[in-house]
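Trainee: attaching a predicted model along with its sequence, questions to come.
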Amino acid sequence: MGVEQEIEAIRTGIRVGRFSNEASVSQGIVLRLLAALGWECFNPDVVWPEYSLSGRRVDFALCSPPGKPIAFIEVKQIGQSEGAERQLFEYAFHDGVPLAILTDGREWNFFLPGEQGSYGERRVYKLDLVERDVEECSERLERYLLHAAVASGAAIQAARDDYRNVSKDRQMQAALPKAWRLIIEDEDEMLLEIVADRVESLCGFKPEPDTVAKFLKGISSAQAAPQAATTRTAATSTRPLASLASTTALTSAPQPAPAARPSQAMSGQIGFAFEGRFHSARTAIDTLRQVFDLLIARDPTFGERFAGLPRHGRTRRYLAREVNELYQNRPDLGSVRLQSGWWMSTNHSKQTIGQIIAMACDVAQVAYGKDLVANLGD
């Protein structure tokens, strides 16, 4: 019988309760499948039962070449394999065996003990012979346990390739919430535009960037609150010293400079103070316009130097000689011409405006927050 036919017969036996203990699982499932996968099950130098190491035993050692274990199989009663990884890993580490398999006959867990992470993270694949499609079961068993593939090293390499893919996916999944949080916190212009455009298409009115940013931050905060509470509870109850160290690191490590706050003399008015003189403005974007006008009047080379920065926004320039240089095919996003003749983009949230002013101060070699202090309003 081929591998698929054996799997079909085993599935039937599992459903009717034919395999009631470890011995029946070993004989009726494990050895049956190993034989179908090309292993010499009656040669103890190839399929070594009750393999002994330092007074301990593992149910089967698969050997290639004969007498040299390359994989360990630990067998449990159906439904009783939970938590047996640690013992199996100790066996594999002791003998330097690259592949470890834990099975209760129905579930097959393939591990690479030498890789990094917890036991679960070193699991390459979990196969359920009853739940998965027979063809998929056959393909996975042949991928990791076909004798010819194990003997040639192809099976171990396939397991390592699959582990790297699983590890990569795990890292990406872990990084996604952080990436989303940073996009929201930075008020990514592209995201704000996408949301604003979709709102306009639905109701005919386009919200300001600040309105969209506030909405997105509200959603992000609501999603983060339960997770943050759970994390704080777990950290406090299980690792107080680590939590304290983490908190200390966060408070002592260099932090991004906060947006400059207005001085007492500004009395909450929108605008900016520069070298002791306050320039009032109607709005945050009017503040930016005046800052650009002042810095260009102060230094005629400022406009060229700022416009020549390698990066402005993700999809736009903040300052340009020609209006069509500001946006890529989006003239609807708005612009204004400065007194100097330069063009400035205007579709920005207050946070982005603060970042642009900070960039401008850096180009002009003006200390933002000290020589130039801006108040963009609440």
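Mentor: Thanks, I have the structure now.
Trainee: list the contacts for residue 24?
Mentor: Applying CB atoms under 8 Å, 6 or more residues apart in numbering, we find residue 24 in contact with residue 18. Quick note: C-beta positions are derived from backbone N, CA and C, even for glycine.
Trainee: what strand or helix carries it?
Mentor: Using DSSP states H and E, residue 24 sits within helix 22-25.
Trainee: quick one, strands of the stretch 251-378 of the chain?
Mentor: Ranges of strands in the stretch 251-378 of the chain, per DSSP state E, counting those that start in this stretch, are 271-274, 277-280, 319-320, 335-337, 343-345, 372-375.
Trainee: got these as JSON lines, with mean pLDDT and distance to residue 34 columns?
Mentor: JSON lines is the format used below for the strands of the stretch 251-378 of the chain (pLDDT from 0 to 100; distance: least, CB to CB, whole Å):
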{"stretch": "strand 271-274", "mean pLDDT": "94", "distance to residue 34": "77"}
{"stretch": "strand 277-280", "mean pLDDT": "92", "distance to residue 34": "82"}
{"stretch": "strand 319-320", "mean pLDDT": "92", "distance to residue 34": "70"}
{"stretch": "strand 335-337", "mean pLDDT": "89", "distance to residue 34": "72"}
{"stretch": "strand 343-345", "mean pLDDT": "91", "distance to residue 34": "68"}
{"stretch": "strand 372-375", "mean pLDDT": "94", "distance to residue 34": "73"}
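Trainee: residue 12 is nearest to which of those strands?
Mentor: Within the strands of the stretch 251-378 of the chain, the stretch nearest residue 12 is strand 343-345; the backing value is 68.9 Å (CB to CB).
Trainee: what residues does the closest one touch?
Mentor: Contact with strand 343-345 is made by 288-289, 292, 313, 316-323, 325-327, 333-338, as judged by CB under 8 Å, 6+ apart.
Trainee: so how many other residues sit close to residue 152?
Mentor: By other CB atoms under 10 Å, 12 other residues sit near residue 152.
Trainee: just residue 9 next, same as before
Mentor: 15.
Trainee: per-residue confidence averaged over the helix or strand that comes right after the helix holding residue 24?
Mentor: For helix 22-25, the succeeding helix or strand toward the C-terminus, using DSSP H and E, is helix 31-36. Helix 31-36 carries an average pLDDT of 96.
Trainee: shift numbering so it begins at 19
Mentor: Got it, first residue is 19 now, which makes that one helix 49-54.
Trainee: so which elements touch helix 49-54?
Mentor: Judged by 3 or more CB pairs under 8 Å, 6 or more residues apart in numbering; DSSP states H and E, the packing partners of helix 49-54 are helix 21-33, helix 152-163.
Trainee: how about a cut-off of 10 Å?
Mentor: Judged by 3 or more CB pairs under 10 Å, 6 or more residues apart in numbering; DSSP states H and E, the packing partners of helix 49-54 are helix 21-33, strand 65-71, strand 74-81, strand 87-93, helix 152-163.
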